[in-house]
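A.B. asks: turn this into a model:
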Amino acid sequence: MHSLAVLTAVYSWLRSGQHPFVSVLIDSLMEIQKRTIDEIAGVNQLQTQDWGTLLRRLEHLVRSYRDLTMLADNLVSVVVFTVGSAEYDGKYEPLLQGALRRTLPYYFDVVGYLFVTQDEAGNSTRQLLIHPHQNFIAKDGTGKLPGPTIASPNLTSLVEVLRLSQTNTNEGSN
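C.D. replies: Have a look, this model is predicted:
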């Protein structure tokens, strides 16, 4: 990703519905934020008014991509953003600067925290926390995923569970 303009152009193409994709993954929102800061301030420090500009641009981007899943004439049913995490006041939150760190989780139905555990034999297993925890930002607003953690999460399988639940919900509302 070279700029916010590239992601905006990709969004326009995805919004057109003239594509075969059912899911979109953007890695990573932290890098997008850094690139947007570069566009706004270059190598200079952000000024007070720049923080509002940064927040508005990134919130607009995130919400626009999320909203692709709500368009009847579009194939996209799942949008995934990745972002690192850092500990702030005893809780792991998205590794983002400014207010977006606090508001981002509210825009999505599912927010997961990926971590690795080791058993007694030293075998590692990835775990995805998707239920609220006092030390991590996580949730499953769909109620469709198993939890509170998912062992060895597979994005394709998770997307399929969410797509099927969305299809069943849409069919039930007709």
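
A.B. asks: doesn't Thr36 make contact with His2?
C.D. replies: No: contact between His2 and Thr36 fails when scored by Cβ atoms under 8 Å: they sit 11.6 Å apart. C-beta coordinates here come from the backbone N, C-alpha and C atoms, glycine included.

A.B. asks: those two: which is more packed in?
C.D. replies: Thr36 (18 against 7; other Cβ atoms under 10 Å).

A.B. asks: quick one: contacts for the closest residue to that one other than its chain neighbours?
C.D. replies: When the adjacent residues along the chain are set aside, Thr36 lies closest to Leu4, with 5.1 Å between them (Cβ to Cβ, 6 or more residues apart in numbering). Leu4 is in contact with 32, 35-36, 39, 57, 61, counting by Cβ atoms under 8 Å, 6 or more residues apart in numbering.

A.B. asks: could you check how far stretch 116-136 is from the centre of its chain?
C.D. replies: 20 Å (Cα atoms, centre = their mean, to the nearest Å).

A.B. asks: need the distance between the two termini of it.
C.D. replies: 14 Å (Cα to Cα, to the nearest Å).

A.B. asks: what comes into contact with it?
C.D. replies: 85, 90-92, 110-115, 138-140, 145, 147-153.

A.B. asks: return the lengthiest helix in the chain as CSV; C-alpha atoms alone will do.
C.D. replies: Using DSSP state H to define each element, the chain has its longest helix at helix 48-67. Taking Å, rounded to 0.1, in the frame of the first residue of the first chain, the C-alpha atoms of helix 48-67 are listed here in CSV:
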residue,chain,number,x,y,z
THR,A,48,-3.1,19.9,16.5
GLN,A,49,-5.6,20.4,13.6
ASP,A,50,-3.8,17.5,11.7
TRP,A,51,-5.0,15.0,14.2
GLY,A,52,-8.6,15.7,13.3
THR,A,53,-7.8,15.4,9.6
LEU,A,54,-6.1,12.1,10.2
LEU,A,55,-9.0,10.7,12.3
ARG,A,56,-11.6,11.7,9.8
ARG,A,57,-9.7,10.2,6.8
LEU,A,58,-9.0,6.9,8.5
GLU,A,59,-12.5,6.6,10.0
HIS,A,60,-14.0,7.3,6.6
LEU,A,61,-11.8,4.7,5.0
VAL,A,62,-12.5,2.0,7.6
ARG,A,63,-16.3,2.6,7.7
SER,A,64,-16.5,2.7,3.9
TYR,A,65,-14.8,-0.7,3.6
ARG,A,66,-16.9,-2.1,6.4
ASP,A,67,-20.0,-0.9,4.6
